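Participant: build me a model from this:
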Amino acid sequence: MVYTVAVIGTGTEPENPGRDGYAMAYHHATGYEKQEECDLIACADIIPENANAFATEFGLDNENVFEDYTELLDVVEPDIVSVCVPPAIHDNIVLDCIRSGVVKAIHCEKPMADTYGGAKLMTQEALRHDVQLTFNHQRRFSDAVRTAKELLDAGEIGDLRRVEFAAPVGIFDYGSHSFDLCNYFNDETPGEWVFGQVDYSEENILFGTHNENQAIVHWEYENGVHGIGTSDSTGTGGPASAVACHNRLVGTEGEIVVGPRDDDSENPPALQIRRDGHGWETIETDDGLHSWEFVDRAIAENIRCLREGEQPELGAENALNATELIFAAWESSRQRARVDLPLEIDDNPLEAMVNTGDLTPQPRSEE
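Facilitator: Down below sits the predicted model:
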């Protein structure tokens, strides 16, 4: 079977990707082109020149280039849709795709949505309509991450006791990956409670959504494993300097670090392990933590799961577990208290605190 594919939100292909542009639609499209079962046939973007440039790049017919994504759904009736728009409109577009009655699978960029209610509704509706909904937490497909999980599962550091991360630009945008990887290492176990505090002194808006400047989060999973997450967008270290690596796994008999332990190293290793009574050992891996090839691997696995009728690893339920921890951290800061899960809010606590004046970030200084 050949699946027809459409992309909503082509964006641009920037020469120098930055804070608000990574050309993710182009990377999704490249991933589909590598799958013999997929035929990329259509795209939509509210900026016609962006859609036309994307169509030219991937050889799409002119009649399959749209400004209105609802028209695309009606005319083309694609089997698979990639959604590569800002998170504030993820839920509206994803819900329209789910309810179209024709789309079989949706692969959406992360973070899930800019409200917890939106994230929950997408997950609920995909399940109700039997649509495969996945989110692009592609770093799970890094060989360094996979190897770390293999070492953990083999008992190389004993029983897992704590997971940690440091996110460079906030627990919402980059931290979406960070929390997701923590959950991956802890076998997708749901959270039990969350403590969080943030500093938001200078505007840190990414893809249209607020992200704090610095944060520290402590949580516990239902199986007793603890988590510590940190963020820093200021470049001054802050709580993130205490973790100083992408992810850390602390066990009863050792420790695994994914990402550099020493920022001063010219070529920091992607993966290291320290077994009790021994020094640090570098584990050779095929790749590090940042590669567009991970998007290809994610899409390939999504297609395999769609074909085989299996639950995809990047499925909405797993993404929602990570998203719950993000919004619970902000809710804890809003309440100035521990938050027990499941989380019972629908809004975005960080945005709400800005709107009420509880947080007053100043305009971002020119860089």
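
Participant: show me what the helix ranked longest in the chain is packed against.
Facilitator: Among the segments of the chain that qualify as a helix by DSSP state H, the longest is helix 316-335. The contact analysis (3 or more Cβ pairs under 8 Å, 6 or more residues apart in numbering; DSSP states H and E) places helix 316-335 against helix 116-128, strand 132-135, helix 174-185, strand 191-199, strand 214-221, strand 226-232, strand 339-340, helix 349-356. In short, each C-beta sits where N, CA and C put it, glycine included.

Participant: and the ones you listed as a markdown table, adding mean pLDDT?
Facilitator: Formatted as a markdown table, these follow (pLDDT from 0 to 100):
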| stretch | mean pLDDT |
| --- | --- |
| helix 116-128 | 98 |
| strand 132-135 | 98 |
| helix 174-185 | 97 |
| strand 191-199 | 98 |
| strand 214-221 | 98 |
| strand 226-232 | 97 |
| strand 339-340 | 98 |
| helix 349-356 | 98 |
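
Participant: centre of the chain to the longest helix of the chain, how far?
Facilitator: 13 Å (Cα atoms, centre = their mean, to the nearest Å).

Participant: spit out the contact partners of the nearest residue to residue 220 once chain neighbours are set aside.
Facilitator: Once flanking residues are discounted, residue 220 sits nearest to residue 192: 4.7 Å by Cβ to Cβ, 6 or more residues apart in numbering. Contact analysis of residue 192 by Cβ atoms under 8 Å, 6 or more residues apart in numbering lists 219-222, 340-341.

Participant: list the buried residues of the longest helix of the chain.
Facilitator: Residues of helix 316-335 classed as buried by neighbour count (16 or more other Cβ atoms under 10 Å): 316, 318-334.

Participant: same question for stretch 349-364.
Facilitator: For stretch 349-364, the neighbour count (16+ other Cβ under 10 Å) marks 349-354, 359, 361 as buried.

Participant: stretch 73-90 now?
Facilitator: 73, 76, 78-90.

Participant: please identify which pair of those residues lies farthest apart.
Facilitator: Spatially, the most separated pair among the buried residues of stretch 73-90 is 79 and 88, at 26.4 Å (Cβ to Cβ).

Participant: go through the buried residues of stretch 73-90 and flag which are in strands.
Facilitator: In this view, the buried residues of stretch 73-90 that belong to strands under DSSP state E are 80-83.

Participant: make TSV out of those and add pLDDT and distance to residue 290.
Facilitator: Below are those laid out as TSV (pLDDT from 0 to 100; distance: Cβ to Cβ, whole Å):
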residue	pLDDT	distance to residue 290
80	98	25
81	98	26
82	98	20
83	98	22
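
Participant: out of these, flag the one nearest to residue 303.
Facilitator: residue 80 (8.0 Å).

Participant: what's opposite the closest one in the beta bridge?
Facilitator: In this structure, residue 80 bridges to residue 5, residue 105 when assessed by DSSP bridges.

Participant: quick one: it from residue 34, how far?
Facilitator: When Cβ to Cβ, to the nearest Å is the yardstick, residue 80 and residue 34 sit 14 Å from each other.

Participant: can I get stretch 122-130 in CSV? Just the C-alpha atoms.
Facilitator: Output in CSV follows, covering the C-alpha atoms of stretch 122-130 (Å, rounded to 0.1, in the frame of the first residue of the first chain):
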residue,chain,number,x,y,z
MET,A,122,-6.0,16.0,20.8
THR,A,123,-5.1,12.8,22.6
GLN,A,124,-8.7,12.0,23.4
GLU,A,125,-10.0,12.6,19.9
ALA,A,126,-7.3,10.7,18.1
LEU,A,127,-8.1,7.7,20.3
ARG,A,128,-11.9,8.1,19.7
HIS,A,129,-11.5,8.3,16.0
ASP,A,130,-8.8,5.7,15.7
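
Participant: residues in contact with that stretch?
Facilitator: Applying Cβ under 8 Å, 6+ apart, the external contacts of stretch 122-130 come out as 90-91, 94-95, 98-99, 106, 112-113, 131-133, 316-317, 319-320.

Participant: residues of that stretch that come out buried?
Facilitator: Using 16+ other Cβ under 10 Å as the test for burial, stretch 122-130 gives 122-123, 125-126.
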